[in-house]
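1. sharing a model that was predicted from the sequence below.
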Amino acid sequence: MFWKDSGSRSSSGSGRDQNGVGPFGQVRVLIVGDSGVGKSSLVHLILKGSAIARPAQTVGCTVGIKHITYGSTGGSSNNVSDAERNFFVELWDVSGHDRYKACRSIFYTQINGVIFVYDLSQRKSKSNLSKWAVEVAEMGTFLAPLGSGGPGGLPVPYLVIANKVDLVPRDGTRASSGNLVDLARQWAEKQGFLRCSEELPLTESFPGNSGLLSAAKQARYDKEALIKFFRMLIRRRYFSNEPPAPNPWSLTPREDTILPVETLGDSTDSFQRKSLSGEGFLYNGVVPLPAQRNLAPPPTLNPQQPVLSLDNYRYHRFSSSSLPDVSSGRTSREDMNV
Ligand SMILES: Nc1nc2c(ncn2[C@@H]2O[C@H](COP(=O)(O)OP(=O)(O)OP(=O)(O)O)[C@@H](O)[C@H]2O)c(=O)[nH]1
């Protein structure tokens, strides 16, 4: 088996929601990032609401299904468009290990959104997100694409999650990872060669400075923000004539402003998110990318509609030419057979 389904039944079928007022639908969210950053742990947390003690290394791809509703609860039952409807959010947790690099693009199909995950204690895993963005943008097919690309040309909304915030010192200083780049930087700072604000010129950060923090191992994440992201993807795919809500997505966390995280579990106040302050540009276009014009219709009752509204998604400038190589990821786990 190249991949397994860890969630409920396939969402590609059709049906009517619990109110009997119309078909449900599904959106597909790709979850990418280096091996070991905690993608599977996060997905488990999102689906089960609890931490997983010892996640197995993902083989190829694991698909989990999150059920959420979308619609106006106050709507009249006579008006289908006002009713709460059921949707499945497919979470495609793609293995970050290099051994799947050559073939994992088969999972990059009909993507509605992307969640990039990195390890706050491993700086390289953040800079490598740029490589992930390029890979997905170049190899993927997309639903409800934006008119222009985000990082690497990615044409769908994305979210960046900095995981393992529990490994960051609570006084807000930079993460200490034990990796050589960080150790070298810390040593240089100690010797007075660098001021704290300076970086060794070894990595280029993923664009942006705000987003979500999580500690999947401690069951801490911003549940409300995730649900909003999923709802936004549903709205873009199925209700694109609705006015877009203010879009906080496509943000990455400010590591220099990480605050202590006190709240556990499902609290929506678990994490401080800072507003975006970096350089950005706005997307207003609605023209599908050339590679997306001949997509087969999605396997749901509600076929993909072109995006008619002028959603504004803010992205950061991004240069793929100066990106570092993807790191080899973890090596401590046993090799898996494909
Ligand atoms: N300290 C800490 N460890 C974590 C956290 N989240 C995950 N881990 C640990 O990191 C390791 C890797 O977690 P996974 O969820 O398997 O990582 P992954 O990104 O899915 O890895 P691949 O399947 O190889 O792509 C495991 O030992 C987890 O227990 C966290 O928030 N804090």
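-> All right, it came through fine.

2. now the helices for the stretch 1-150 of the chain?
-> 39-48, 123-127, 129-139 (DSSP state H, counting those that start in this stretch).

3. which of the residues in the longest one are buried?
-> Residues of helix 129-139 classed as buried by neighbour count (16 or more other C-beta atoms under 10 Å): 129, 130, 131, 132, 133, 134, 135, 136, 137. Any C-beta I mention is one placed from the backbone N, CA and C, and that applies to glycine too.

4. ok, so of those, who is nearest the ligand?
-> Nearest to the ligand among these: residue 132, at 11.2 Å, using C-beta to the nearest ligand atom.

5. and the residue lying closest to the closest one once chain neighbours are set aside, what does it touch?
-> Nearest residue to residue 132, sequence neighbours excluded (C-beta to C-beta, 6 or more residues apart in numbering): residue 32, at 4.6 Å. Counting by C-beta atoms under 8 Å, 6 or more residues apart in numbering, residue 32 makes contact with 39, 94, 96, 114, 115, 116, 117, 132, 135, 136.

6. who does residue 32 bridge with?
-> Residue 32 has these beta-bridge partners by DSSP bridges: residue 116.

7. roughly how far does it sit from the ligand?
-> The gap separating residue 32 from the ligand is 9 Å, by C-beta to the nearest ligand atom, to the nearest Å.

8. residue 65 now?
-> Distance from residue 65 to the ligand, counting by C-beta to the nearest ligand atom: 17 Å.

9. can you check residue 63 too?
-> In terms of C-beta to the nearest ligand atom, residue 63 sits 13 Å off from the ligand.

10. right, and that residue touches residue 93 too?
-> Yes: counting by C-beta atoms under 8 Å, residue 63 does reach residue 93; the two are 7.3 Å apart.

11. would you mind giving the buried residues of helix 129-139 as JSON lines with distance to residue 225 added?
-> Output for these, formatted as JSON lines (distance: C-beta to C-beta, whole Å):
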{"residue": "129", "distance to residue 225": "18"}
{"residue": "130", "distance to residue 225": "23"}
{"residue": "131", "distance to residue 225": "25"}
{"residue": "132", "distance to residue 225": "20"}
{"residue": "133", "distance to residue 225": "20"}
{"residue": "134", "distance to residue 225": "25"}
{"residue": "135", "distance to residue 225": "25"}
{"residue": "136", "distance to residue 225": "21"}
{"residue": "137", "distance to residue 225": "23"}
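
12. if we check the ligand, which of those are in contact?
-> Filtering those for proximity to the ligand by C-beta under 6 Å from any ligand atom leaves nothing.

13. of all the residues you listed, which two lie farthest apart?
-> 129 and 137 (12.1 Å; C-beta to C-beta).
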